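**Q** Pasting a predicted model and its sequence here:
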Amino acid sequence: MVPPTLVDYDSACRHWSWETERASLAGLPLGRGLNIAHEAVDRHVTDGHGDRLAFVFLSRSAARRAITYSQLAALSNRVAGALVRLGVQPGDRVFTLMDRRLELYITALGTLKAGATYSALFSSFGPEPIRARLEIGKARVLVTTPSLYFRKVKSIRDALPRLEQVILVTDPVSGEPHNELPDHALSFASIIEAAPESFEIPPTDPQSPALLHFTSGTTGTPKGALHVHEAAVVHRATGHLALDLRPEDVYWCTADPGWVTGISYGLVAPLIVGATAIVDREDFEAERWYDILSSEAVNVWYTAPTAIRMLRRSGPGPAGKRHFPQLRHIASVGEPLDPESVRWGIETFGLPVHDTWWQTETGGIMIANFRATDNVPGSMGRPFPGIEAAVVRRRGRSLEIVDASEQAGELALRSGWPSMFRTYVGAPSRYRECFADGWYLSGDLVRRDENGCYWFVGRVDDAIQSAGHLVGPFEVERVMMEHPAVADVVAFGKPDPIAYEIVAACVVLKTGYEAVDTVRLELLAHGRRRLGPAVAPREITFLPELPKTPSGKTLRRLLRHSDS
Ligand code: 6R9
């Protein structure tokens, strides 16, 4: 058995130094600073590992395509050279709008090499979210495909005067000819063909902007969290120690690059470690996913609770037909991971699913269940070494640290870790509101047990206030998920004239269960039994599926104000 990368958690915490971690990155030659793309790609080529695979791209319509670190270096150099020729300068922002394909990844790396800032737009966004993000982010260049351009960008182009260049990736399969590009767009293939294979990364200040990630937020305009090149320190350390990644590993992060996980852990972390990252272009499909895990011999798999619940819903059949001898570590992020899903990992793969917690703003994993420590089902785990966490309550402009074993409070992190966001672009006051007394306030409500494990209770703003009790929706969901009829559930506070809010739940039933009153009564009884009357849902509505944000988070607010 391959031993865990982090053997002694307590000792790692005691001896942790971000300075030492910084020193394990190569840095640009001749002390010219620190650039994420150099750490992720060029460094491995210089170290003699250019022939290792950096990416394996899978898709139904094209053959499996493997890209070595040398090839990736050359391709990203071409993109960097092409961008510089177009006049892109440090501080400019280059966006992509496309699905999970090679061109997205080389644009990201090429942009970083050119010293500009990269931002990925989720390809399923409609025109309005795209417009809002390009505007807030002051995009200068957008790289997309002809079909996405016509469907989603053309109609908003006039509203984006700062957008100087649109570069189109023409699909060799659909074969759109280069000379028919619309609206002065440039051809991606032509401009990178014309650029040289070598590129010298300009001196890069570790504190200069690198990545811009938008976070959805259930209210207000999207927030663009800006990260700097130094974030690479956290990407490397967490990739290695929280995800247990090693250079010889095949690794699959199922998140789309349109979300922070798909960039931090789908691109940056695995490449900095020097592993091989799988990228599947297709949407979720249970059989296909089990196939990839098995046939690509994935060692480390980073996914999301929603995906796990979808796999669970498809039953044990598809997994049972396959073998996964190479799989060593499974982790998830993005939403609460229910204990049933942790156990599903053991039943299906012989491995528990390890929950990890972080946010767009934190840039990297902050709390995790580590391979070497006890995996506590239902808990998010313990702070990553070097991260100081606390449970607090806001008191005006200052904070009170609460006794977290007694009561829930807001999760706060002592500010100063390398991948901390540096601002919300165009919204500095929103940024300042996230900090008090030297702590970053996460907006998540948590509890901490006597072993130092953190337990998710809910979003600060999602907490249900019912008859004077503060009820965490996740605590309710976790218990409802235990019932064999429940495939997915969301609990939320429904406005109530007497109790202020009552606990309500929407349930998606497993195949084989009917949305009838007997099942409803049984679920209500289960809730009362397991949670007690103050916490149990009083109302249950059946839905075919839950409304989710495109990144997979349940839209509680939408349910709260619906009449269902
Ligand atoms: C990486 C990512 C952040 C929010 C976060 C919290 C929720 C993330 C979680 C979790 C419960 C976990 N969240 N991990 N909730 N357990 N292990 O998802 O970033 O899109 O910014 O979302 O997601 O509410 O505050 P982002």
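**A** Good, I have the coordinates.
**Q** Can you show me the strands along the stretch 351-500 of the chain?
**A** Per DSSP state E, counting those that start in this stretch, the stretch 351-500 of the chain carries strands over the ranges 353-357, 367-368, 382-383, 389-395, 398-401, 409-414, 423-424, 435-436, 439-448, 454-459, 464-466, 469-471, 486-496, 500-509.
**Q** Grab the nearest non-local neighbour of Arg414.
**A** Glu388 (3.8 Å; C-beta to C-beta, 6 or more residues apart in numbering). In this view, the C-beta of every residue, glycine as well, is placed from N, C-alpha and C.
**Q** can you pull the pLDDT of the one you found?
**A** With respect to pLDDT, Glu388 scores 98.
**Q** Ok, the one 5 residues further on next?
**A** We have a pLDDT of 89 for Arg393.
**Q** now do Thr218
**A** Looking at Thr218, its pLDDT stands at 42.
**Q** for Asp338, same thing?
**A** You'll see Asp338 listed with a pLDDT of 89.
**Q** That one: what's its closest spatial neighbour, skipping adjacent residues?
**A** Leaving aside its chain neighbours, Asp338 sits nearest to Met481 (4.5 Å; criterion: C-beta to C-beta, 6+ apart).
**Q** And for the residue nearest to Arg414, the neighbour number?
**A** Using other C-beta atoms under 10 Å, Glu388 has 14 neighbouring residues.
**Q** Quick check: the residue nearest to Asp338 vs Leu271, distance?
**A** 35 Å (C-beta to C-beta, to the nearest Å).
**Q** now Ala487
**A** 36 Å.
**Q** So which bits of the helix or strand hosting Ser147 are buried?
**A** Assignment of secondary structure by DSSP states H and E places Ser147 within helix 146-148. The neighbour-count check on helix 146-148 (16 or more other C-beta atoms under 10 Å) flags Pro146, Leu148 as buried.
**Q** Show me how far it is from its chain's centre.
**A** Distance, stretch centre to chain centre, for helix 146-148: 25 Å (C-alpha atoms, centre = their mean, to the nearest Å).
**Q** Stretch 107-114 now?
**A** 20 Å.
**Q** ok, now stretch 285-296?
**A** On C-alpha atoms, centre = their mean, the centre of stretch 285-296 falls 21 Å from that of its chain.
**Q** quick one: buried residues of that stretch?
**A** Within stretch 285-296, the residues scored as buried using 16+ other C-beta under 10 Å are Ala286, Trp289, Tyr290, Ile292, Leu293, Ser294, Glu296.
**Q** Now do the helix or strand where the third one lies: everything it contacts.
**A** Think Tyr290. Here Tyr290, judged by DSSP H and E, is contained in helix 286-295. Outside helix 286-295, the residues within contact range by C-beta atoms under 8 Å, 6 or more residues apart in numbering are 58, 252, 254, 278, 280, 282, 298, 301, 307, 310-311, 314, 318-319, 321-324, 327.
**Q** Let's see that with 10 Å instead.
**A** If you take C-beta atoms under 10 Å, 6 or more residues apart in numbering as the criterion, helix 286-295 is touched by 56, 58, 60, 64, 250, 252, 254, 278, 280, 282, 285, 298, 301, 303, 307, 310-315, 317-327, 330, 348-349.
**Q** Now intersect the residues you listed with the strands, please.
**A** Using DSSP state E, Val56, Leu58, Val250, Trp252, Ile278, Asp280, Trp301, Thr303, Ile330 are the members of those that sit in strands.
**Q** residues in contact with the fourth one?
**A** Contact partners of Trp252, counting by C-beta under 10 Å, 6+ apart, are 56, 58, 266, 270, 276-280, 289, 292-293, 296, 298-303, 327.
**Q** which of Met481 and Leu271 has more neighbours?
**A** Legend: neighbour count by other C-beta under 10 Å for Met481 and Leu271, higher for Leu271 (28 against 19).
**Q** Could you dump the strands of the stretch 351-500 of the chain into CSV and include mean neighbour count?
**A** Output for these, formatted as CSV (neighbours: other C-beta atoms under 10 Å):
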stretch, mean neighbour count
strand 353-357, 27
strand 367-368, 27
strand 382-383, 24
strand 389-395, 17
strand 398-401, 13
strand 409-414, 23
strand 423-424, 20
strand 435-436, 16
strand 439-448, 21
strand 454-459, 23
strand 464-466, 19
strand 469-471, 16
strand 486-496, 22
strand 500-509, 21
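**Q** And the residue nearest to His526 when sequence neighbours are not counted, how far from Leu546?
**A** Using C-beta to C-beta, 6+ apart and skipping residues adjacent in sequence, the residue nearest His526 is His483, 5.0 Å away. Distance, His483 to Leu546, by C-beta to C-beta: 16 Å.
**Q** And for Asp51?
**A** Distance, Asp51 to Leu546, using C-beta to C-beta: 45 Å.
**Q** got it, and Ile272?
**A** Taking C-beta to C-beta, one finds Ile272 at 35 Å from Leu546.
**Q** near the ligand at all, stretch 199-216?
**A** Yes: judged by C-beta under 6 Å from any ligand atom, stretch 199-216 comes into contact with the ligand through Thr215.
**Q** What are the buried residues along that stretch?
**A** Neighbour count says stretch 199-216 has 199, 201-202, 204, 206, 208-215 buried, by 16+ other C-beta under 10 Å.
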